[in-house]
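1. Whatever this is, show me its structure:
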Amino acid sequence: MLTYEPQRSSDVFAMFQSLVWDVPTPWELLTKNVPEEHKNDLDYIVSLINWDLNVDPDFYQNRFAEPKPVKPVEEMKSEGYEEYWISYKSSDFSAKELRVFPGKTVTIKDEGAYGLITIEGHGQFGSLSIDAPSLIRFGEMTSDELFVTQKAAREGITITNQSENGMLVILKHFGPEM
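-> Coordinates of the predicted model:
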């Protein structure tokens with residue numbers, strides 16, 4: 001299973017885990033961003049958790065966001081791809097999943113700049129080679145992450161899946177108001 005969690009920037013740190021593997025987390029790190037007068041106040045620290053949200057018995061019904069196709073699915077399939085909004089309930093960021101079918105070439109346009117990560121397959125993204133590595137050794141470069149400018153996104157990027165059998169799957173993450 002893959003968890004894809006685009007997150008907005010934040011300089012606030014909250015860690016509620018006193019042990020990672022077998023290594024204790026220092027108290028100073030656990031309370032790094034707690035106001036000085038509350039660093040030893042466990043009631044205050046526990047109050048930082050949004051309990052109603054975290055113990056919602058209807059969490060799935062209240063929070064699940066069904067992937068939404070960017071245009072009619074049959075139209076996309078006939079063009080050699082599928083694309084879905086997979087994160088769209090935030091004004092801070094959004095994300096799409098793009099699946100290019102084996103051996104297909106498509107040109108995809110977007111309104112705004114975005115970062116991307118290739119999670120499956122290999123191919124061409126404009127003039128660049130992309131692939132989802134199965135193993136990354138220390139010091140090795142990969143070809144799985146790119147940034148696309150707004151100008152390039154609006155003009156369209158030509159993407160080719162060079163596999164005869166497997167999908168080329170790309171996750172694209174956008175900034176505010178997309």
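2. so where do the helices sit in the protein?
-> 27-30, 42-47, 51-54, 59-63, 73-79, 150-155 (DSSP state H).
3. would you turn those into JSON lines with mean neighbour count and distance to Phe13?
-> For glycine as for every other residue, the C-beta is placed from the backbone atoms N, C-alpha and C. Formatted as JSON lines, the helices of the chain follow (neighbours: other C-beta atoms under 10 Å; distance: least, C-beta to C-beta, whole Å):
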{"stretch": "helix 27-30", "mean neighbour count": "12", "distance to Phe13": "8"}
{"stretch": "helix 42-47", "mean neighbour count": "11", "distance to Phe13": "13"}
{"stretch": "helix 51-54", "mean neighbour count": "8", "distance to Phe13": "18"}
{"stretch": "helix 59-63", "mean neighbour count": "9", "distance to Phe13": "24"}
{"stretch": "helix 73-79", "mean neighbour count": "12", "distance to Phe13": "41"}
{"stretch": "helix 150-155", "mean neighbour count": "13", "distance to Phe13": "31"}
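4. Just put these in a markdown table and tack on distance to Thr105 and mean pLDDT.
-> Output for the helices of the chain, formatted as a markdown table (distance: least, C-beta to C-beta, whole Å; pLDDT from 0 to 100):
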| stretch | distance to Thr105 | mean pLDDT |
| --- | --- | --- |
| helix 27-30 | 49 | 87 |
| helix 42-47 | 54 | 91 |
| helix 51-54 | 44 | 86 |
| helix 59-63 | 37 | 87 |
| helix 73-79 | 10 | 98 |
| helix 150-155 | 16 | 97 |
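5. Output those helices as JSON lines; include the columns distance to Leu135.
-> Listed next are the helices of the chain as JSON lines, based on distance: least, C-beta to C-beta, whole Å:
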{"stretch": "helix 27-30", "distance to Leu135": "31"}
{"stretch": "helix 42-47", "distance to Leu135": "40"}
{"stretch": "helix 51-54", "distance to Leu135": "35"}
{"stretch": "helix 59-63", "distance to Leu135": "34"}
{"stretch": "helix 73-79", "distance to Leu135": "32"}
{"stretch": "helix 150-155", "distance to Leu135": "30"}
